[in-house]
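Asker: pasting the structure only:
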Ligand SMILES: Nc1ncnc2c1ncn2[C@@H]1O[C@H](COP(=O)(O)OP(=O)(O)OP(=O)(O)O)[C@@H](O)[C@H]1O
């Protein structure tokens, strides 16, 4: 079942000035429920612009972005904020936890904003504490824990609303390779349970944990590859080869 449809999506920044930048030229693809997709491309290719549109933080200049039957262009600012809180989970490179709140309260925050009951908060946090192995740090503060632990808290915060779509922007960008692998294992576990994930990354090692990689070049989809039966290493090599071709400018 399709969860996200992007249809001839275009985005031009400062369209009325001589400095107009066409960040997305024509992006068309679908994502099915339960997919785990990474998005790669060189700096300036349009990855963040694309993620911002899917995240309802920005609107396309033309074309459609439809998430679970909701045309994202039709949401005003308030509705977009509500939509984000209800349907999307976010994981960032720098964790974006609030230092003044305990880890537990950081995780509760999206449910607090959604005015959920305390009962629901307690019920939903329990399995996450277990799955993400954060019981020892749950009542400490983000400043007192390691980067990998902060990212696990951030993942719990993203998952507690049971989002339709988990959006991750360089989720391993601030972590060493061991910790990155632990975080990516958690993503794979969540995906195996049905969580749909879109992840933007510069790292082929990180992308190799996804099941499908989309490559963007100059605001357009350049290529896509599926992991299929490939090992992590084989898939990473294939991703690297595509990035080399993309960078060289071959078609
Ligand atoms: N707010 C903005 N105003 C004007 N131009 C912008 C804005 N944001 C991005 N751009 C331009 O749009 C193009 C795509 O940028 P974008 O940030 O989406 O690329 P990216 O692939 O995410 O790059 P990176 O990997 O470096 O984060 C670039 O040419 C960039 O300079």
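Answerer: That came in fine, so what should we check first? Predicted, not measured: the structure shown is a model, and the values here were computed from it.
Asker: residues of the stretch 1-150 of the chain that sit close to the ligand?
Answerer: 13, 14, 21, 23, 41, 43, 44, 45, 46, 47, 48, 49 (CB under 6 Å from any ligand atom). (Glycine included, C-beta is placed from N, CA and C.)
Asker: need the max-distance pair from these.
Answerer: 14 and 41 (21.3 Å; CB to CB).
Asker: before we move on, the earlier item: just give me the least confident of the residues of the stretch 1-150 of the chain next to the ligand.
Answerer: Among these, residue 14 carries the weakest pLDDT, at 87.
Asker: how many residues are close by that one?
Answerer: Applying other CB atoms under 10 Å, we find 9 residues neighbouring residue 14.
Asker: equivalent analysis for the one 5 residues further on, please.
Answerer: Other residues lying near residue 19 total 8 when counted by other CB under 10 Å.
Asker: start at 17 instead
Answerer: In the new count, where the first residue is 17, that last one comes out as residue 35.
Asker: and stretch 210-223, average pLDDT?
Answerer: Rounded mean pLDDT across stretch 210-223 is 96.
Asker: off-centre distance for that stretch?
Answerer: Taking CA atoms, centre = their mean, to the nearest Å, one finds stretch 210-223 lying 7 Å from the centre of the chain it belongs to.
Asker: flag every buried residue along it.
Answerer: 211, 212, 213, 214, 215, 216, 217, 219, 220, 221, 222, 223 (16 or more other CB atoms under 10 Å).
Asker: narrow those to those in strands?
Answerer: Residues of these located in strands (DSSP state E): 212, 213, 214, 215, 216.
Asker: now the buried members of the residues of the stretch 17-166 of the chain next to the ligand.
Answerer: Buried members of those, scored by 16+ other CB under 10 Å, are 39, 57, 61, 62, 63, 64, 65.
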